[in-house]
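[1] Starting from these lines, generate the structure:
(2 chains)
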Amino acid sequence: MKHFRSIGLALAATFAVSQAGAQELTGTLKNIKDTGAITLGFRDSSIPFSYLDDNQKPVGFAMDICYKIVDAVKKELKLDKLEVKLNPVTSATRIPLMANGTIDLECGSTTNNAERQKQVAFTNTHFLTASRYVFKKSSGLKSIDDLKGKTVVSTAGTTNIKQLTEANVAKGLGANIIPAKDHAEAFLMVETDRAVAFVMDDILLASLVAGSKSPGDYDISKDAFSKPEPYGIMLRKDDAAFKKVVDAATAALYTSGEAQKIYDKWFTQKIPPKGLNLNTPISAELKNEFAKPTDSPNPDDYK
Amino acid sequence: MNYNWNWGIFFQPNPMGTGSYLDMLLSGLALTLKTAVLAWIIALIAGSVVGVMRTLPSRGATWFGFAYVEFFRNMPLLVQLFLWFFVLPEILPRAAGLWLKQLPNAPFWTAAIGIGLFMSARVAVQLQAGISSLPRGQKMAATALGLTTVQGYRYVLLPMAFRIILPPLTSEFLNTIKNTAVAITIGLLELTGQARSMQEFSFQVFEAFTAATILYLLVNAVVVTAMRFLERWVAIPGYITGK
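    From the prediction side, this is the model:
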């Protein structure tokens, strides 16, 4: 009799657990469990967040964070093996590929803002960057006011060109703003004197300068066009169960101090493939954010 | 698919403060049309001259026409625009290069001239084919009437050749309009460029490109209809193309 009862209890318990498990699994988590695979979207030239090394393998700060998330998902779903698929994305394809289920996480340098949250969700912020400009030291354009009447370039479709346009009106600079198709082209415009300054996220400017022919010729402005804005790993909207797992994984990573080590690896040491060093120690704002992780799109929340 | 459709996005203000997203696309459309029309004028003029040269008895003229066409026809348009915009100012003397670089609206002029020259090679080949398709006797008859070579082309050969090649010229014009999309690579924010900006700002990818597609289709429909009217208007009964 006793035996029967304990077997019955055990059965009931197993049943309850498996049923609870079945109920929890929806959306992305269910997909990952069913297929035994998770797909990460990577960028091919977003140094040092997500880019290809000399073996054409995607590496970077955001990739390292994504692999930590993959470990957490694997643990959550109690899988022995979880295949990681990699899919290249560009700024033009990341949303369609996220929406149609091709990628589950986008590991790159995507700004988390309210407008974009209508379309996708973001996990805890992994980087903060302000809009600044790069210029040739020889031109000595130290402050934003020095840009008066000059030709300034920024990348079309970015938040940076929007901020530049606003500042141009607000400060009455009368600068001639030209849009470039991508960051490399915009930087080329400064290199060839077609424009005197290129307005962009400061970290991207640092990597462009480090990778240029003569890094010593350039300087990045102290003046900023914006408050530091958050970058986040992108995931599908309205998938609370998956977001919970991802948020917990990034929060654990950031608060444990391990994130600081990963940060230092990509921002203060030589990185592949060319051994560049971005020389960008962690900012006070990002340090605070790592202590108290948040996925807020509002720059005012990161002080 | 887990996509948040929002067709109302076109009427929301764009972040550049220049009106709604629709205004952004329409300003892109205006730039596309300006670039295409200027490029087409260049293509017609340069293409006609080179096309005629390819049919002249002079060996030098034929050779020049051949070299011109092969130069502009065999290089991808994307590469040509890049060369004109980024490479040309660097190989000029420094002062001239700097002047060229700081020219206002440099991307617009480069795109219009670059696309115009690219298309002119195609127009030249069409025109050469049109002239060659005329019976040899036409040229002889013109000479027999006492017309000079210039007059022969002006009054006999070209009026017929242009009528014959009008339908293929229509599709070359449509190609010119579509080719302006390449100008995005040198920073010209034409229709495709504005659609891309819109998707970057709002993340509403499909709406942006659907609108761009519809606008291109509308423009091309207008061009095709207008060219039909032109064909009918210039048709002469008894000619190959007349009824």
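
[2] So which bits of chain B are right by chain A?
    B:1-4, B:6, B:15-17, B:86, B:89-90, B:98, B:101-102, B:104, B:106-107, B:184-187, B:189, B:193, B:196-206 (Cβ under 8 Å from any Cβ of the partner chain). All C-beta atoms are positioned from the backbone trio N, CA, C, and that covers glycine.

[3] Among those residues, which lie within helices?
    B:89-90, B:98, B:101, B:106-107, B:193, B:196-202, B:205-206 (DSSP state H).

[4] what two of the residues you listed are the furthest from one another?
    Pairwise distances among these were taken by Cβ to Cβ; the largest, 42.6 Å, belongs to B:98 and B:206.

[5] Report the separation between residue A:120 and residue A:171.
    33 Å (Cβ to Cβ, to the nearest Å).

[6] So between the two, which is more surrounded?
    residue A:120 (23 against 13; other Cβ atoms under 10 Å in any protein chain shown).

[7] Could you list which residues are in contact with the more buried one?
    By Cβ atoms under 8 Å, 6 or more residues apart in numbering or on different chains, the residues touching residue A:120 are A:95, A:98, A:234-237, B:203.

[8] What is the neighbour count of residue 45?
    Defaulting to chain A. So residue A:45, with other Cβ under 10 Å, has 13 neighbours.

[9] my question was about chain B
    13.

[10] did I read that right, it in a strand?
    No: under DSSP: H, G, I helix; E, B strand; the rest coil, residue B:45 sits outside any strand and is assigned helix.

[11] What ranges in the chain fall below the confidence cut-off?
    By default, I'm working from chain A. A:1-24 (pLDDT under 70).

[12] my bad, the chain I had in mind was chain B
    For chain B, the ranges with pLDDT under 70 are B:240-243.

[13] thinking again about what came up before, redo the contacts of residue A:120 as CSV? Include distance to residue A:111 and secondary structure.
    Listed next are the contacts of residue A:120 as CSV, based on distance: Cβ to Cβ, whole Å; DSSP: H, G, I helix; E, B strand; the rest coil:
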residue, distance to residue A:111, secondary structure
A:95, 13, helix
A:98, 15, helix
A:234, 10, strand
A:235, 15, strand
A:236, 18, coil
A:237, 16, coil
B:203, 11, coil
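
[14] Tabulate the residues you listed (JSON lines), appending neighbour count and distance to residue A:217.
    Formatted as JSON lines, the contacts of residue A:120 follow (neighbours: other Cβ atoms under 10 Å in any protein chain shown; distance: Cβ to Cβ, whole Å):
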{"residue": "A:95", "neighbour count": "25", "distance to residue A:217": "37"}
{"residue": "A:98", "neighbour count": "26", "distance to residue A:217": "39"}
{"residue": "A:234", "neighbour count": "26", "distance to residue A:217": "35"}
{"residue": "A:235", "neighbour count": "21", "distance to residue A:217": "40"}
{"residue": "A:236", "neighbour count": "21", "distance to residue A:217": "43"}
{"residue": "A:237", "neighbour count": "19", "distance to residue A:217": "44"}
{"residue": "B:203", "neighbour count": "27", "distance to residue A:217": "36"}
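
[15] Can you say which two of those residues are spatially most distant?
    Most distant of the contacts of residue A:120, by Cβ to Cβ, are A:235 and B:203, 13.8 Å apart.

[16] can you pull the contacts of the one residue sitting closest to the centre of chain B?
    Using Cα atoms, centre = their mean, the residue of chain B that lies closest to the mean C-alpha position is residue B:176, 3.0 Å off. Going by Cβ under 8 Å, 6+ apart, residue B:176 touches B:36, B:39-40, B:43, B:115, B:119.

[17] Smallest distance to chain A belongs to which residue of chain B?
    Distances between chain B and chain A by Cβ to the nearest Cβ are smallest at residue B:200, namely 2.9 Å.

[18] Hmm, residue A:158 and that residue touching each other?
    Yes: Residue B:200 is within contact range of residue A:158, at 6.5 Å (criterion: Cβ atoms under 8 Å).

[19] Most proximal residue of chain A with respect to chain B?
    For chain A, Cβ to the nearest Cβ, closest residue to chain B: residue A:157, 2.9 Å.
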